[in-house]
Each structure stands twice: as structure tokens, then as C-alpha cells.
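> Just need the structure, nothing else, for what follows:
(chains A, B and C)
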Amino acid sequence: MKSFRKEIWFELPERMEFVNITPEVEVCVAASGVKEGLCLVNAMHITASVFINDDEPGLHRDYKKWLEEIAPFDPSPQRYHHNLTGEDNADAHHKRQIMGREVVVAITASRLDFGPWEQIFYGEFDGRRRKRALVKIIGD
Amino acid sequence: MKSFRKEIWFELPERMEFVNITPEVEVCVAASGVKEGLCLVNAMHITASVFINDDEPGLHRDYKKWLEEIAPFDPSPQRYHHNLTGEDNADAHHKRQIMGREVVVAITASRLDFGPWEQIFYGEFDGRRRKRALVKIIGD
Amino acid sequence: MKSFRKEIWFELPERMEFVNITPEVEVCVAASGVKEGLCLVNAMHITASVFINDDEPGLHRDYKKWLEEIAPFDPSPQRYHHNLTGEDNADAHHKRQIMGREVVVAITASRLDFGPWEQIFYGEFDGRRRKRALVKIIGD
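Next up, the predicted model:
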């Protein structure tokens, strides 16, 4: 069994932002030499997500508005007890649960085994600092 | 290491519908010859989900109502910028994030290693067209 | 390829409660002898979750309040058809979809390959009975 590991680093200027990391993950799959296997991609931080959806700016705008309605940014400890710790990012811990921590993608014939529109995104909900996603591949 | 791949196809008459695909996945596990491993089942489309929950019609009715409240169908671009693209399915991209893209199930002693009520569902949120789920199995 | 399987049992006194199971999962990784691989941890019950987030009591209090707003406990069948079955736990089936069924964690150099704050939680939404999470590890 082969295995491969790589970190992808980010430092995004916005609090909330989505980055298409499919090309970086494809490079990992090629470098791994794995023909048949599984590829895990996960946020290494608990105020960020990795998810698969459409690379369409209007949809991303919709997601941001929707997530802000479901879990609004509010630095006060009145809404979020977590912010009593001195943090202001409780909303980001909630948004990340909606969008998910990780994706697992099949590798078939040395490629990400994707449907027609699937693209992998890093979802940042508490940006403006250095953060990471992990790519881990196992297979033959 | 063994690997196995199969697509399961759907063309559902309703916009939103849940289909129990556990029997099809069990056939894949048997066909794979894998005794100990992991089974990934994912939607290959970004307006659909694969999830594990109860095969109980009342619950499915509850899920549909709840998802409609969280992300209502609305073809207009006023609510969803995504629908400026000519699509009317922005709500489906949101519903899919709540219910998830994929499940990973353990295979133990050649069987899906399930608790008492776990069943695998394909969740369609923009039906009336041909769509697919992927089953990928790796193990020994 | 090596594989390892273990169930972790719970009987929690509250309806909704979060338990940090990272130490138990770390013991499994050590016992598995796997140096490079994947570790699946999933709830075996459909009214419970396994998720990764922060071990911070204020955040957990926030999650409970938020989940109660998104899917309130209500034993009546007026809100939830599922409760026509004689159950009172429809809300728990909804909360579990928000928090997720499972996590997949990379194993690198015989350790859970985690970012700085990642911790694994069992999330109970219908407690006061014996329930289980599954740890399944594969790799070399």
C-alpha cells in the first residue's frame, strides 16, 4: 500500500472566503503514484471547512449570505458563550459544521473520480491568519 | 489491496426524493471480495447527497419540510444569485450541504459494519434527470 | 494491509451531550500498529454524531442552543411526523444531520494527523440509553 501526505497553506484576506483547491489536490494524486485508492482532504483548523460543490461565484455569494443567517458573526459573549474566552470567532465554529470538515474522494485509474461539476473547496470562516488543509492519500 | 468501483444511476420523478440504496451497496461489498476495508459512497452531482439515517417515511417527510424551511426552493435570482446563471436549483446546492455529499462505512468480515438502524440513502434535491452515486471500496 | 476495529460504548445521563473521545481513538491507533493509513470514527446510531471541533465548554453550550433552535425537541407528531411512530426523538435525527455521522482522520507516523485544536467528539442527541461509536482503521 502506498501513502502520501501534503499540507496546503492559506492566508486569506477576508474573514469568509472559498478557494478552489482541486488543482493542488490533483497534483498530490499524481505525485502519490496511487492508481486505485482514497484521497482524504480535511481542514486542519476548526473554523474552516473542506467541501465539494460548484465553482460558481453567485452560488458562493449565496452560501456566504445563508451561513451568515444561520450563524451570524457576533463578537459579543451575549450570543455566543465561546466568545467569553476572548475569541470573536464562535460563528466560524458553527459555519464549519454546516459545510463540513472533510471530503473523501475515490481515486480511479490515477485520477480523482469525479462527477461532471465536482470541485474541492477550502472554506475559510475566520481568515486573516495562516491556516492549513491536509491531503492524505492511500492505495495501490 | 483490492479495489472495486460501481456507479448507481437514478432518474427520479420528484425534485426532492430519498432512495434507500443499502441493498445495492451490499451487492458491491460482496462483489468486491473485500473482507476488511472501507466503503465510500458519494453523490457524483452537487445537488444531491448520500447520507445514513432511518428508513422511516415520516422522518423523510420531516426532513423534506425542514430542508425546505432552511433553504426554500425559489427559482428567482432575488433570493439566490446562482439562479442568475439560468439555473433554478440554487436551493438544491444548499440542501445538499446540510445532508452531506458522502458516507464512509467500515467493512468487517465482508459486511457493511452497521449499527442497528443504519441505512444508506441517496438524497435527490434536483431530480427529473439522470444522475449518479459512486461506490468505491478498498481493502483486503 | 492491517485493519483494526473497536466499539466505544456510552450511556449518557442527558438527552444532548458531547464527549471527547480523542484519548480512546488514540489508544486504538496505537493498538492497530498502523503507521500510515486512515481512521474512520462513526456513530453507530442515527440519533448521534461524531464530529471534530474544539474542546471548549462555552462552544458546546453554544452548539446545544443553536441545534435546539434549528431542530427543537418536540415529542408531538404535529411538528414531526416521525413521532407518530411512538418515538419522541425526531429532533435528534435532524440535529445529527447538522453535526454529521462520521469523521475520517489521517494516520501519519503512527499518530492521528491533527491540526492544533482538533479533537474528536461523540455527540449524543437522544441519550439515557446504551449506544456505540465505531473505530475502524486501515493502513500499513
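
> Single out the residue in chain A that lies closest to chain C.
Nearest residue of chain A to chain C: residue A:44, at 2.9 Å (Cβ to the nearest Cβ). Every residue, glycine included, has its C-beta placed from N, CA and C.

> For residue A:99, see how far away the residue most central in space within chain A is.
Ranked by distance to the mean C-alpha position of chain A (Cα atoms, centre = their mean), the top residue is residue A:50 at 2.0 Å. Separation of residue A:50 from residue A:99 (Cβ to Cβ, to the nearest Å) stands at 8 Å.

> Now do the shared contacts for those two.
Counting by Cβ atoms under 8 Å, 6 or more residues apart in numbering or on different chains, the contacts common to residue A:50 and residue A:99 are residue A:123.

> about what we covered before: could you report the neighbour count for the residue of chain A closest to chain C?
Applying other Cβ atoms under 10 Å in any protein chain shown, we find 21 residues neighbouring residue A:44.

> Now do the helices for chain A: every range, in order, please.
A:22-32, A:57-70, A:90-99 (DSSP state H).

> now, of those, which is deepest in the fold?
Ranked by average neighbour count under the criterion mean count of other Cβ atoms under 10 Å in any protein chain shown, the helices of chain A are headed by helix A:90-99 at a mean of 25.

> tell me the average confidence for it?
Averaged over helix A:90-99, pLDDT sits at 98.

> how far off helix C:57-70 does that helix point, in degrees?
On the basis of axes from the mean of the first three to the mean of the last three Cα atoms, to 10 degrees, helix A:90-99 is oriented at 50 degrees to helix C:57-70.

> who's in contact with helix A:90-99?
A:15-16, A:43, A:46-49, A:51, A:63, A:67, A:70-74, A:79-83, A:123, A:125-126, B:97-98, C:51, C:53-54, C:58-59, C:62-63, C:66, C:98-100.

> Just give me how far it sits from the chain centre.
Distance of helix A:90-99 from the chain centroid (Cα atoms, centre = their mean, to the nearest Å) equals 12 Å.

> Just the CA coordinates for it, please, in PDB.
Below are the C-alpha coordinates for helix A:90-99, written out as PDB (Å, rounded to 0.1, in the frame of the first residue of the first chain):
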ATOM      1  CA  ALA A  90     -17.800  31.400  17.600                       C
ATOM      2  CA  ASP A  91     -19.800  31.900  14.400                       C
ATOM      3  CA  ALA A  92     -17.000  30.300  12.400                       C
ATOM      4  CA  HIS A  93     -17.100  27.100  14.500                       C
ATOM      5  CA  HIS A  94     -20.800  26.900  13.600                       C
ATOM      6  CA  LYS A  95     -20.500  27.700   9.900                       C
ATOM      7  CA  ARG A  96     -17.800  25.000   9.700                       C
ATOM      8  CA  GLN A  97     -20.300  22.300  11.000                       C
ATOM      9  CA  ILE A  98     -22.700  23.200   8.200                       C
ATOM     10  CA  MET A  99     -20.200  23.000   5.400                       C
END
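
> who in chain A is up against chain C?
A:1, A:3, A:5, A:38, A:40, A:42-46, A:70-71, A:80-85, A:90, A:93-94, A:96-98, A:100-102, A:104, A:132, A:134, A:136, A:138 (Cβ under 8 Å from any Cβ of the partner chain).

> check contacts around the residue of chain A found nearest chain B.
At 2.9 Å from chain B, residue A:115 is the closest residue in chain A, using Cβ to the nearest Cβ. The contact partners of residue A:115, by Cβ under 8 Å, 6+ apart, come to B:43, B:44, B:45, B:46, B:132, B:134.

> burial measure for residue A:111, as a count.
13.

> Test for you: state the pLDDT assigned to it.
98.

> Quick one: residues contacting it.
By Cβ under 8 Å, 6+ apart, the neighbours of residue A:111 are A:26, A:29.

> Tell me who's in contact with the residue in chain A sticking out farthest from the centre.
Largest separation from the mean C-alpha position in chain A: residue A:78, at 28.5 Å (Cα atoms, centre = their mean). For residue A:78, the contact set (Cβ under 8 Å, 6+ apart) is empty.

> again, but for residue A:63
Counting by Cβ under 8 Å, 6+ apart, residue A:63 has contacts A:18, A:99, B:93, B:94, B:97.

> If anything else comes up later, I'll come back, but that's it for now.
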